[in-house]
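# need coordinates for the following:
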Amino acid sequence: MMKTPHRLAGFFSIPSPLRLMHFSCLADSGTKGGNLQTIQNGLKGCAGLREDLRRHLGQVIKVPEEILDHLLVAALSGGHSLIEGIPGIGKTLLARSLAKALGGSCKRIQFTNDLLPTDILGTSVWRQDRGKFVFFPGPLFANIVLADEINRTSPRTLSSLLEAMEEGTVSLDGRTLELPRPFMVLATLNPMEFHGTFEMPEAAIDRFLLRLKLDYPSSEHELDLYMGLGKEPESIPSLIHAQDWIELQQLVPKVRVLEPVALYAHRVILATRDHPAIRLGGSPRAGVSWIQAAKARAFLMERDFVLPDDLKELAVPCLAHRLHPRDGGDATPFLEEILGEIPIEA
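Next comes the predicted model:
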């Protein structure tokens, strides 16, 4: 017997009592119309989803809880995630498990240097019995797409993926086709020292809301794998339906960002542009994406307003891959330096 999906059908009637000190008072004073009530209605159910997701995915794959939280942030904000790590540490299993829990479909694309755009988009085939061309969709037509080893493919195929990520549509045979909703790409990136990998263009990297780094599991969890104690993704119940996922995405933009929080984000972005060790600082799109992710995190934490802590928690996964140091390498140390120097003004 199929398990009943997560209780989101009734969450719209559940109010949230959560308010946090000064920022809470400012948020309440800035409430307009039915915005506060609308966002409060979804908070409890989303928090329950977060706990259920941790519990069920933890029975299949052992990854840090913050990784699961960040993936849920991307799912709720409509963004895409770039997962870095060596082959064989469970990236595909993680994508399949997440899709099962969120009630969506999942497809995997293995990127290679000879992969063509039609290999991921699909193609039209002449059907003699119907007397017309029939379109057969490619693996890009799924709710969650695992783009494996994205830095092994050609710029032409990569551009097709980027269009899908940016617009939620694909162009084929002179037509524009809508992708399933919700739509989320989890792309894996191999380290540059691996054979056959190419450097990703800045514009391509910038399309990803978050960059996450997945490492080896702990010795205890790896031993469980050797003993066959882990479960299969098929054992994970569908915690929500795809339509519930869409409705949650529609609630996240209603989370409020107060002026002190927005000013803090702006000062951080400006500081990345002025830092002597950074060649290319954060763009306006980087700042907007950072705020977007912080709204989703606040929603997960049962709040209808963003705190500076939300921004700080997501600063590295959301901004570091968008910054380009003069000497190359990772911008995380410079970003952490900036975060430590800029005060939060209430």
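# state the helix or strand in which residue 140 lies.
Residue 140 belongs to no helix or strand when elements are defined using DSSP states H and E.
# residue 110: neighbour count?
14 (other C-beta atoms under 10 Å). Where C-beta positions appear, they are placed from N, C-alpha and C, glycine not excepted.
# check residue 269 too.
Burial of residue 269 is recorded as 20 neighbouring residues (other C-beta under 10 Å).
# and for residue 171?
Residue 171 has 14 nearby residues by other C-beta under 10 Å.
# sheet partners, orientation included, of the helix or strand encompassing it?
Here residue 171 sits within strand 169-172, counting by DSSP H and E. According to DSSP bridges, strand 169-172 has the following sheet partners: strand 175-178 (antiparallel).
# for the strand holding residue 171, buried residues please.
By neighbour count with 16 or more other C-beta atoms under 10 Å, strand 169-172 contains the buried residues 170, 172.
# what lies in contact with it?
Strand 169-172 is contacted by residues 118, 121-124, 135, 140, 160, 163-164, 176-179 when judged by C-beta atoms under 8 Å, 6 or more residues apart in numbering.
# I'd like the mean pLDDT over the helix or strand harbouring residue 46, please.
Taking DSSP H and E as the criterion, residue 46 maps to helix 35-58. For helix 35-58, mean pLDDT is 70.
# next secondary structure after that helix?
Toward the C-terminus from helix 35-58 - assigned by DSSP H and E - lies helix 65-77.
# quick one: residues in contact with that following helix.
Contacts of helix 65-77 with the rest of the structure, by C-beta under 8 Å, 6+ apart, involve 46, 49-50, 53-54, 57, 79-81, 94, 98, 102, 182, 184, 186, 209-210, 212, 214, 245, 248-249, 252, 292-293, 295-297, 299-300, 314, 317.
# and it, which residues are buried?
Buried, per 16+ other C-beta under 10 Å, within helix 65-77: 67-77.
# run the chain-centre distance for stretch 181-190.
Computed by C-alpha atoms, centre = their mean, to the nearest Å, the chain-centroid distance of stretch 181-190 equals 8 Å.
# cool, stretch 202-216 as well?
The answer for stretch 202-216 is 9 Å, by C-alpha atoms, centre = their mean.
# then stretch 217-237?
Counting by C-alpha atoms, centre = their mean, stretch 217-237 comes out at 24 Å from the chain centroid.
# what's the helix or strand for residue 270?
Using DSSP H and E, residue 270 falls in helix 259-274.
# partner strands of the following helix or strand past that helix and their direction?
Heading C-terminal from helix 259-274, the first helix or strand you meet, by DSSP H and E, is strand 278-280. If you go by DSSP bridges, strand 278-280 pairs up with strand 324-325 (antiparallel).
# before we move on, the earlier item: in CSV: the contacts of strand 169-172, plus secondary structure and neighbour count.
Shown next, in CSV, are the contacts of strand 169-172 (DSSP: H, G, I helix; E, B strand; the rest coil; neighbours: other C-beta atoms under 10 Å):
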residue, secondary structure, neighbour count
118, helix, 14
121, helix, 24
122, strand, 19
123, strand, 16
124, strand, 14
135, strand, 15
140, coil, 24
160, helix, 22
163, helix, 17
164, helix, 23
176, strand, 10
177, strand, 16
178, strand, 11
179, coil, 19
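# nearest to residue 87, out of these: which one, please.
Minimum distance to residue 87 across those is 22.0 Å, recorded for residue 140 (C-beta to C-beta).
# so the closest one touches residue 162, yeah?
No: contact between residue 140 and residue 162 fails when scored by C-beta atoms under 8 Å: they sit 11.6 Å apart.
# how near is the spatially most central residue of the chain to residue 219?
Nearest to the geometric centre of the chain sits residue 74, at 2.5 Å (C-alpha atoms, centre = their mean). Distance check for residue 74 against residue 219: by C-beta to C-beta, to the nearest Å, it reads 29 Å.
# ok, residue 292 next?
Distance from residue 292 to residue 219, by C-beta to C-beta: 37 Å.
# the two: which has the busier surroundings?
residue 292 (22 against 8).
# tell me the backbone dihedrals of the nearest residue to residue 110 once chain neighbours are set aside, please.
Distance criterion C-beta to C-beta, 6 or more residues apart in numbering; nearest residue to residue 110, sequence neighbours excluded, is residue 148 at 5.1 Å. Note on residue 148: its backbone torsions stand at phi -80, psi 130 [degrees, to the nearest 10].
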